[in-house]
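>>> here you go, sequence then predicted model.
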Amino acid sequence: MHFLYKIQYPQQIKTRRNMRSKVFSAVLLLAATVSAEDYPEVSRAGKQIIQLTEVTTPGFATPAVLFNKVKNASDEPKYKDYLTSLGKRQQYIVGGEYRLRYVEEAPLLNYSYDITQLWIQTTFDSKNILSSQAQLHGLYPPSTNINFLNEWQQRNAVPPLDNVLNDQWTQWQQELGDKALPYGFNTFPINVQGHEDDYLLHLDGNNCPKFNTSFQAAWPAYETQAQTTYKDLLTRLGQLFGSTMDVKTALNACDYLSWAYYHDIDLQFNVLKSDVSSCDAFTNSYYNLWLDVDEGLGYLAANQFLKKTLDQLKTMTGHLSFKESFFYKHFLQRTRDEEMLGSALDDQPRFYFYTTQQQYMRMLLSGLMGKTNRAANPQIFQAAPKPSLQFAIEVIQNTDGTKQVYAHLGDNDVILGGCSTAPCDIESFKTYLTSVATKDVTTECSAKSRMSMY
């Protein structure tokens, strides 16, 4: 990963990329898990990427359930399910990598933040909002700041408060200089919608009775299977935590173990790497339950995202005006003032950036792949459920004018629905999306009194 932010010339980019790849491959070789040849080429240099969609999960957070099993009481988190410093660092580094790929190597985005190029949205969860902020600071670090004040503005940037701190305003103004914020930090507008109405990133049993009915019907069979498949793990967790573990409690216990393991927190018992690996497999089986339920419902939870993706691709191929897309119309409906927009959104954003939890991200990805490709590529959903896991969809324009769609989870290729290889012909993927993005989610979820965002 890179941490130096300055204009990079082609040879500098190539050199830095090669150095990073060699170092990364060497680390993998030392771990004896993969050869250098297995490490995918991730450079975007020379590619004409014309649109990007990313869906990421939040960085490491404190456990959702606190078991008070730390050796030192001061190590027990004060807040549940809250982004940790490690989680912030994870997201910042991802943002830095995306800057290298999509600003320096393939110039999709401007050097400095441009509000018309990005649409940023998260679920209504603090760890997701904070994760988005951290990743965006990696994508647009302070050195790219364009928020400056002239001398007159600096003199008048004084809050309407009595100055009771011995003229501290003057000292602070001098320290800030011509930068709006210390060190030139950027700020970003993050769109958030409450869980009750969020059918794009957070459809589940709490806001959709139909999904809840299917999930509850599937749970007993999953629970029975999990008790058999992960019998040894449930026994081990019961021994560690001092109580018999049912499946739901065991999932929370695994969350707690992973938090302690990756944050180097000493517990009242020893946690082995094998414990974490077993927990990863157990947690993945739980996420796969969500995928099975949604697949059985015809991708109900993923449907609004599939529709929005189809609209985006139609605008890229000239089959739909951006101003006729549901995204644009609904944005206007929310602002209720077309004049306010002016020409700022005549063209759709180049980068759609979303943050949601693991099970929702995986349901969106499952819907994008389709039943056949999910079954043929089960390894995609066997990825360790580490925080900051993300998938991205790139629209690439070739030199002959044709367009392709390339998707990846982390840096592993994803075969999209209607396709047999990666990258995929954009028309084939559009045909697949047209066949599955057919749900009226607000009706199927009995949400007639509420307005869904998408």
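Right, received. Where do you want to start?

>>> how close does the closest residue in space to residue 183 that isn't next to it in sequence get to residue 225?
Spatially, and ignoring its direct neighbours in sequence, residue 183 is nearest to residue 142 (4.6 Å; CB to CB, 6 or more residues apart in numbering). The C-beta positions use only the backbone N, C-alpha and C, and glycine is treated the same way. Distance check for residue 142 against residue 225: by CB to CB, to the nearest Å, it reads 50 Å.

>>> and for residue 387?
In this view, residue 387 and residue 225 are 26 Å apart by CB to CB.

>>> between the two, point out the one with more neighbours.
residue 387 (23 against 13; other CB atoms under 10 Å).

>>> the more buried one: which element?
For residue 387, there is no helix or strand it lies in under DSSP states H and E.

>>> if I look at it, what pLDDT would I see?
With respect to pLDDT, residue 387 has a value of 83.

>>> how about the one 10 residues further on?
Looking at residue 397, its pLDDT is 95.

>>> need the residue closest to the centroid of the chain.
residue 56 (1.0 Å; CA atoms, centre = their mean).

>>> tally of neighbours for the nearest residue in space to that residue that is not next to it in sequence?
Spatially, and ignoring its direct neighbours in sequence, residue 56 is nearest to residue 390 (3.6 Å; CB to CB, 6+ apart). For residue 390, the neighbour count with other CB under 10 Å is 20.

>>> residue 390 is in contact with residue 57, isn't it?
Yes. Between residue 390 and residue 57 there is a contact at 6.8 Å, judged by CB atoms under 8 Å.

>>> what touches both of the two?
Residues touching both residue 390 and residue 57 (CB atoms under 8 Å, 6 or more residues apart in numbering) are residue 361.

>>> so the residue nearest to residue 183 versus residue 184, what's the distance?
Plainly put, residue 142 is 4 Å away from residue 184 if you go by CB to CB.

>>> can you pull out the strands in the stretch 101-250 of the chain?
118-123, 191-193 (DSSP state E, counting those that start in this stretch).

>>> in CSV, list the ones you listed along with distance to residue 364 and mean pLDDT.
Shown next, in CSV, are the strands of the stretch 101-250 of the chain (distance: least, CB to CB, whole Å; pLDDT from 0 to 100):
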stretch, distance to residue 364, mean pLDDT
strand 118-123, 12, 95
strand 191-193, 16, 91
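
>>> as a markdown table, the ones you listed with distance to residue 435 and mean neighbour count would be great.
Shown next, in a markdown table, are those (distance: least, CB to CB, whole Å; neighbours: other CB atoms under 10 Å):
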| stretch | distance to residue 435 | mean neighbour count |
| --- | --- | --- |
| strand 118-123 | 26 | 22 |
| strand 191-193 | 27 | 16 |
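
>>> now those in JSON lines, with distance to residue 268?
Listed next are those as JSON lines, based on distance: least, CB to CB, whole Å:
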{"stretch": "strand 118-123", "distance to residue 268": "34"}
{"stretch": "strand 191-193", "distance to residue 268": "38"}
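
>>> quick one: buried residues of the longest helix anywhere in the chain?
Secondary structure of the chain read by DSSP state H shows that its longest helix is helix 273-296. With burial defined by 16 or more other CB atoms under 10 Å, the residues of helix 273-296 counted as buried are 275-276, 278-280, 282-295.
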